[in-house]
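Peer 1: Please find the sequence and the predicted model below.
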Amino acid sequence: MFDVNKIRNDFPMFKSHPNLIYFDNGATTFKPQVMIDAVNDFYTSGTANVHRGDYELSLHADYLYDETRKLTAKFIHAEENEIAFTHNDTASLNQIVYGLAKSHLKKGDVILTSQVEHASNLLPWYRLDKELGIVVEYIPVDKQGRILLDEFKKMMRKEVKVVSLASVSNVLGSEQPIKEITKIAHENGVIVIVDGAQSVPHSPTDVKDLDVDFLTFSAHKMCGPGGVGIIYGKREYMASMEPQLLGGGMNARFHSDGTMLLKEGPERFEAGTPNIEGVIGFGATLNYLMDLGMDSIHQYEIGLRKYFKDKMKEIDSIILYNEDNPTGPITFNVKDVFAQDAAGYLANKNIAVRSGNHCAKILHEIIQTDSTIRASLYFYNTKEEVDRFVETVKEINLESAIGIFF
Amino acid sequence: MSNRDLLSDPDILRELIMDHYKYPHHHSLVEGNEYLSHHMASESCIDDITVQAKMNQDVIEDIRFDGVACTISTASTSMMTDLLIGKTKEEAKTIIDEYFKMIDGKEYDEEMLQEAVAMKNVYKQANRIKCATIGWKAIQSILESEPSNE
């Protein structure tokens, strides 16, 4: 039984802000007490660096850090040595782009992505385009931001080396057919990178089943601490891909003449002291999520989103951009009201949403608007919150939006 | 009611913002090199506007603007054009200073700002201050970059 009211008791933010409706979960999420406790424990009684000391505290920190690697692997059905911790999803994607550019790509190679992608999955590629002559091409998408598989198939040719897509778009919630994409890609020798920042927090993930080569995501978008990004990479890549950062903890040995031997495990991507407390806190989060069950979370969120969408559809004064997508945020505008003005009205009523182009600055070419309001849910949101949200949205017009200033 | 009373009535101030948003004044750009131009794009939101000014000696003969912007950005810039056209550079700088004082929540001269006092409460919403100043900063940059005739 998925008891949302009981779940809300696990999150101190709801106690601190009893009247706040937080629908900005696509940006970041609230934290359960178990995670906060794990981080707090590290600071109050467990502080030590990892992979360094011979004393009990350090060994214990090591143990907890490695446990999280195991838990992360279990969470997405990977192997322990296929998981590396970075500092956020952007860092994860940049590492992969840089690493592949060094070891797998050359001038004239083609990268396929789409126009609904977040800046973190476009700008690193644009740099390769500029600096190395690696060509970025966009797979056509439909109005809901889903890529067209037939078009994708047609784009396959020997120059195409990588396809890099978000499994769920951060603006429209468009769910890409990752398994089908991967099958087509692999038949053509193409590497598949998936940005899972908006999917891994919301539904079960099985990298073995999807067969993707890389998956990235971010702890703070799934009730974890800030400063922890994750790279899943198939063993062959994790053992050989060039690391972006060099330093302590990632080399096996090095000599004064500059020769170095890098570790073959995921540690090669974890140069320097990692965010130990963050990773340990993430371990507590993963246990928490697995106890709730990602299937249950997913089912609950699908139901809540449908309830939300059906209510929003009844409002004449709004434009919905993604009603056909079963998951992800509700993305909309109030007619004749600039997105930021409408978000300002909601903020004034203690409702947190996001307005703007959501770091997907070329998406307007698909949905013909520069700016939208994004209301993104998580499993701790309720129908009662949706009801209050919808009633408040009905109140928004140009006059009321300006009225907040008087 | 006196002008002063009108400009302290919240309903009227709200109407003013709506009116300037729906029907912005001097809202189109002019081609050619008669006008000095300054482009402002907010790094934190979608606002992206261009302000142009035509100088005649020391007098601002015309101001134009256009772009993508929210109500506060559009209305505050439209009000700015009304206030500053026909002013000398020095007069304009004084008005701009008073406007920024108001936006900062400090004491200011209401008479001088006229309709722009509609923006007096924006300082209470910290994230909107940039909206209320984007057009004003653009004209300020133009005036500062223009070599003085004195």
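Peer 2: Perfect, I can see it now.
Peer 1: Quick check: chain neighbours aside, which residue is closest to the closest residue to chain B within chain A?
Peer 2: Residue of chain A nearest chain B, by Cβ to the nearest Cβ: A:Phe406 (3.7 Å). C-betas here are computed from N, CA, C, even on glycine. Nearest residue to A:Phe406 in three dimensions, chain neighbours excluded: B:Pro10, at 3.7 Å (Cβ to Cβ, 6 or more residues apart in numbering or on different chains).
Peer 1: Over to B:Ala116?
Peer 2: Here the residue nearest B:Ala116, using Cβ to Cβ, 6+ apart, is B:Met79, at 4.4 Å.
Peer 1: Kindly report the same for A:Phe75.
Peer 2: Leaving aside its chain neighbours, A:Phe75 sits nearest to A:Leu286 (5.3 Å; criterion: Cβ to Cβ, 6+ apart).
Peer 1: cool, A:Leu64 as well?
Peer 2: Going by Cβ to Cβ, 6+ apart, A:Leu64 has A:Ile280 as its nearest residue, at 4.6 Å.
Peer 1: Check A:Ala73 too.
Peer 2: In space, A:Ala73 is closest to A:Glu80, 4.8 Å off (Cβ to Cβ, 6+ apart).
Peer 1: For that neighbour, give its distance to B:Gly32.
Peer 2: As judged by Cβ to Cβ, to the nearest Å, A:Glu80 and B:Gly32 stand 67 Å apart.
Peer 1: Neighbour count for the two, which is higher?
Peer 2: The residue with more neighbours, out of A:Glu80 and B:Gly32, is A:Glu80; 14 against 6, by other Cβ atoms under 10 Å in any protein chain shown.
Peer 1: In contact with that one, which residues?
Peer 2: A:Glu80 is in contact with A:66, A:69-70, A:73, counting by Cβ atoms under 8 Å, 6 or more residues apart in numbering or on different chains.
Peer 1: hang on, A:Glu323 in a helix?
Peer 2: No. A:Glu323: not assigned to a helix; according to DSSP: H, G, I helix; E, B strand; the rest coil it is coil.
Peer 1: Contacts only, for the most centrally placed residue in chain B.
Peer 2: For chain B, the residue nearest the mean C-alpha position is B:Met80 (2.7 Å; Cα atoms, centre = their mean). Taking Cβ under 8 Å, 6+ apart, we find B:Met80 in contact with B:63, B:99, B:116, B:135-136, B:139.
Peer 1: circling back to that earlier point, so when I look at the residue nearest to A:Leu64, I'm seeing a helix, right?
Peer 2: Yes. Checked against three-state DSSP, A:Ile280 lies within a helix.
Peer 1: For residue 86, give me the pLDDT.
Peer 2: Since you didn't name a chain, this refers to chain A. Turning to A:Thr86, the model gives it a pLDDT of 98.
Peer 1: was after chain B, sorry
Peer 2: Reading off the model, B:Gly86 has pLDDT 96.
Peer 1: Burial check on it, number of neighbours?
Peer 2: 13.
Peer 1: Just want to check the distance between it and chain A.
Peer 2: Distance of B:Gly86 to chain A, computed by Cβ to the nearest Cβ, to the nearest Å: 28 Å.
Peer 1: Repeat that for B:Val51.
Peer 2: Separation of B:Val51 from chain A (Cβ to the nearest Cβ): 19 Å.
Peer 1: Single out the residue in chain B that lies closest to chain A.
Peer 2: Nearest residue of chain B to chain A: B:Pro10, at 3.7 Å (Cβ to the nearest Cβ).
Peer 1: and A:Glu373, which of the three is it?
Peer 2: No Glu there; residue A:373 is Ile. Reduced to three states by three-state DSSP, A:Ile373 is strand.
Peer 1: can I assume it is in contact with A:Val353?
Peer 2: Yes. Contact status for A:Ile373 versus A:Val353: in contact at 5.5 Å, counting by Cβ atoms under 8 Å.
Peer 1: Looking at those two, which has the bigger crowd around it?
Peer 2: A:Ile373 (27 against 24).
Peer 1: any idea of the pLDDT on that one?
Peer 2: 94.
Peer 1: So what sits opposite it in the bridge?
Peer 2: Beta-bridge pairing of A:Ile373 under DSSP bridges involves A:Phe332, A:Ser355.
Peer 1: Can you give me the distance of it to A:Asp10?
Peer 2: From A:Ile373 to A:Asp10 the distance is 28 Å (Cβ to Cβ).
Peer 1: same check, this time on A:Val212
Peer 2: In terms of Cβ to Cβ, A:Val212 sits 31 Å off from A:Asp10.
Peer 1: Equivalent analysis for A:Val190, please.
Peer 2: 42 Å.
Peer 1: circling back: mind checking which helix or strand the residue nearest to the centre of chain B is in?
Peer 2: Element membership of B:Met80, judged by DSSP states H and E, is helix B:71-84.
Peer 1: Could you pull out the buried residues of that helix?
Peer 2: The neighbour-count check on helix B:71-84 (16 or more other Cβ atoms under 10 Å in any protein chain shown) flags B:71-81, B:83-84 as buried.
Peer 1: got it, and stretch A:238-255?
Peer 2: So, applying 16+ other Cβ under 10 Å, buried residues of stretch A:238-255: A:238-239, A:241-244, A:249-251.
Peer 1: Kindly report the same for stretch B:14-30.
Peer 2: Here stretch B:14-30 shows B:14, B:16-18, B:20-21, B:24-26 as buried, counting by 16+ other Cβ under 10 Å.
Peer 1: okay, how far is it across that stretch, tip to tip?
Peer 2: 30 Å (Cα to Cα, to the nearest Å).
Peer 1: Ok, stretch A:40-54 next?
Peer 2: Stretch A:40-54: ends 23 Å apart by Cα to Cα.
Peer 1: which residues touch it?
Peer 2: Applying Cβ under 8 Å, 6+ apart, the set of residues contacting stretch A:40-54 is A:55, A:57-62, A:64-65, A:249, A:267, A:273-274, A:276-277, A:280-281.
Peer 1: Show the buried residues in the residues you listed.
Peer 2: If we count by 16+ other Cβ under 10 Å, the contacts of stretch A:40-54 have these buried: A:58, A:61-62, A:64-65, A:249, A:267, A:274, A:276-277, A:280-281.
Peer 1: Among those residues, find the lowest-pLDDT one for me.
Peer 2: Within the buried ones among the contacts of stretch A:40-54, pLDDT reaches its minimum at A:Gly249, with 83.
Peer 1: Where does that residue fall, secondary structure wise?
Peer 2: Counting by DSSP H and E, no helix or strand carries A:Gly249.
Peer 1: Packing partners of the lengthiest helix in chain B?
Peer 2: For chain B, the helix with the greatest residue count under DSSP state H is helix B:129-145. Applying 3 or more Cβ pairs under 8 Å, 6 or more residues apart in numbering or on different chains; DSSP states H and E, we find helix B:129-145 packed against strand B:36-41, strand B:48-56, strand B:59-68, helix B:71-84, helix B:89-103.
Peer 1: at 10 Å instead, please
Peer 2: Applying 3 or more Cβ pairs under 10 Å, 6 or more residues apart in numbering or on different chains; DSSP states H and E, one finds that helix B:129-145 contacts helix A:339-348, strand B:36-41, strand B:48-56, strand B:59-68, helix B:71-84, helix B:89-103.
Peer 1: Would you mind listing where chain B has pLDDT under the threshold?
Peer 2: Applying pLDDT under 70 to chain B flags residues B:1-4, B:44-45, B:147-150.
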